[in-house]
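> Below is the structure, and that's it, no one-letter string:
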């Protein structure tokens, strides 16, 4: 029997495009609301997906879990606040939406390669006189996926 694959692939393709649009909404929400209490369950509810499906699809689309993406956004913002130098590490931790100083410090050290307090001391010297937009780009953390791909070249 002859089978036209275009007939069965249209609904699958439409579903995939719908999922991608929903994943972009989740990523945009994380970018906007990184300092709010967010978790995968809440993000998934916002787009009517299960937490497991959201996590799997987000990882396929963006190469990391929603939680990892959220923590990277928080750490990037924390780096900017630490460079300013007017907040303590604890104040920065809570300002970016982390509720545990230990988790914040661990993730910060993993992404940046040094503790938040060490970063604060070094970054204020290293970026002195640099426009903030340049300092942000120069000091951007390298996510795990990017670090692996850059070491292969």
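Done, it's in. These numbers were taken from a predicted model, which means no experiment stands behind them. Residues are numbered from 1 along each chain as shown.
> List the buried residues of stretch 82-90.
For stretch 82-90, the neighbour count (16 or more other C-beta atoms under 10 Å) marks 82-83, 89 as buried. In short, each C-beta sits where N, CA and C put it, glycine included.
> wait, I meant stretch 115-129
Buried-residue list, stretch 115-129, by 16+ other C-beta under 10 Å: 116, 119-120, 123, 127.
> now stretch 11-28
So, applying 16+ other C-beta under 10 Å, buried residues of stretch 11-28: 19, 22-23, 26-27.
> cool, stretch 67-80 as well?
For stretch 67-80, by 16+ other C-beta under 10 Å, it's 67-79.
> Show me how far it is from its chain's centre.
6 Å (C-alpha atoms, centre = their mean, to the nearest Å).
> By residue count, what's the longest helix in the chain?
Longest helix of the chain, by residue count under DSSP state H: helix 5-33.
> what's it packed up against?
Counting contacts by 3 or more C-beta pairs under 8 Å, 6 or more residues apart in numbering; DSSP states H and E, helix 5-33 is packed against helix 40-46, helix 51-62, helix 66-84.
> So which residue is dead centre in the protein?
With distances taken as C-alpha atoms, centre = their mean, the chain has residue 69 as the residue nearest its mean C-alpha position (2.2 Å).
> Return the distance of that one relative to residue 11.
Using C-beta to C-beta, to the nearest Å, residue 69 is found at 29 Å from residue 11.
> and what of residue 73?
34 Å.
> Next: residue 59.
Residue 59 is 23 Å from residue 11, by C-beta to C-beta.
> One more: residue 20?
Residue 20 is 15 Å from residue 11, by C-beta to C-beta.
> Break the protein into its domains for me.
What automatic domain parsing lists as the domains of the chain is 7-67, 73-141.
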